[in-house]
Every structure is written in C-alpha cells, then in structure tokens.
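Student: Below is the structure, and that's it, no one-letter string:
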C-alpha cells in the first residue's frame, strides 16, 4: 500500500510539472500535452480506486491514517483535473475570440449605406439630385445653427448665475 501511495504521489507531481509545460507549449503540441495530462490523471484515479480498496482492508488502527492520505491524494487529483479544465476553457475562449476577430477583419463594411438608401428612395419619388444636395446642405447648416444655439444658451445661463447670485 505504501508503494501505491508513493507511486500515485509521484504521478501527481509529474502531472504538476506537465501543467507548467502546458502553458509554454505551442499551438500544435498543446493538444498532445493535454491528452498526456488527461491520461495521467485517469491513471491516478485508477490508482486511487485501488488505494481505496486497500484502505478498507487495513487494520482499524491504521485505517484512519490511510484514509487521510487517500483523501489528500483525491483532493490533489481533483485540483489538477480542475486546473486542466480551466486551461482548456481559456484556450477555447481565446481561439474563439481569435476566430471572431479574423472574421470581423475580413468583413467589408459599407459607409454611407443609409445615405444611399435615402437617395434611392428620393429618386423613386422623383426628387432630383440637386434638390437632394440642397437638403443635405441645409441639414449641415442646421447642425451649426443648433450648436451655436446650445453655446449661446450655455453662455446666457452662466451669465445669469454669475450676475444674479
């Protein structure tokens, strides 16, 4: 039983060192390292099942100590399994973000799409291009009139607060 404990503990430490290699692995070999880590974790779980059977066969005075050691190994193994799942999730999320970014970069965006639609509708209604240009020019002028009015209103409010208080 002690040899099984030492062997399982050694495997846990090997998996921990492989987890460090997993973060440094390139994109091609990351799957191989993940599969190797998962196989080792499965082997550890198999050893823990055998260890649990051997623990139940221990004499009562040593059973408690063996059970504590087994529980610690189970906790360590579950921690490694969770760390692997988190790494895989982060990698999947990063790959998905990369795909979405590439998709957005490959798209061609049309500018002034709404303006083209307005011109098409206006042409269907029989408005000439000169009338449309006059309307656009008027909208541009109206924007400056609105900004000027807002600035004038702010100046009047500041002067009112300054001189009336």
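Tutor: Looks like it arrived, so ask away. Just so we're clear, the structure is a prediction, and the values are computed from it rather than from any experiment.

Student: Can you tell me what sits against the helix or strand of the chain with the lowest mean pLDDT?
Tutor: When the helices and strands of the chain are compared on mean pLDDT, DSSP states H and E, helix 113-125 comes out lowest with a mean of 73. Outside of helix 113-125, the residues within contact range by C-beta atoms under 8 Å, 6 or more residues apart in numbering are 131, 132. In short, each C-beta sits where N, CA and C put it, glycine included.

Student: Which strands and helices lie in contact with the next helix or strand after it?
Tutor: The helix or strand immediately downstream of helix 113-125 is helix 129-164, counting by DSSP states H and E. Helix 129-164 makes packing contacts with helix 113-125 when contacts are defined by 3 or more C-beta pairs under 8 Å, 6 or more residues apart in numbering; DSSP states H and E.

Student: tell me the angle the helix it packs on makes with helix 129-164.
Tutor: Helix 113-125 runs at 130 degrees relative to helix 129-164, counting by axes from the mean of the first three to the mean of the last three C-alpha atoms, to 10 degrees.

Student: which stretches of this structure have low pLDDT?
Tutor: Scanning the chain for pLDDT under 70 picks out 109-113, 127-128.

Student: ok, 80 please
Tutor: Regions of the chain meeting the criterion pLDDT under 80 cover residues 27, 107-133.

Student: most centrally placed residue in it?
Tutor: Per C-alpha atoms, centre = their mean, the C-alpha nearest to the average position across the chain is that of residue 93, at 4.7 Å.

Student: Against residue 140, how distant is that one?
Tutor: Note on residue 93: its distance to residue 140, by C-beta to C-beta, to the nearest Å, is 45 Å.

Student: Sounds good, over and out.
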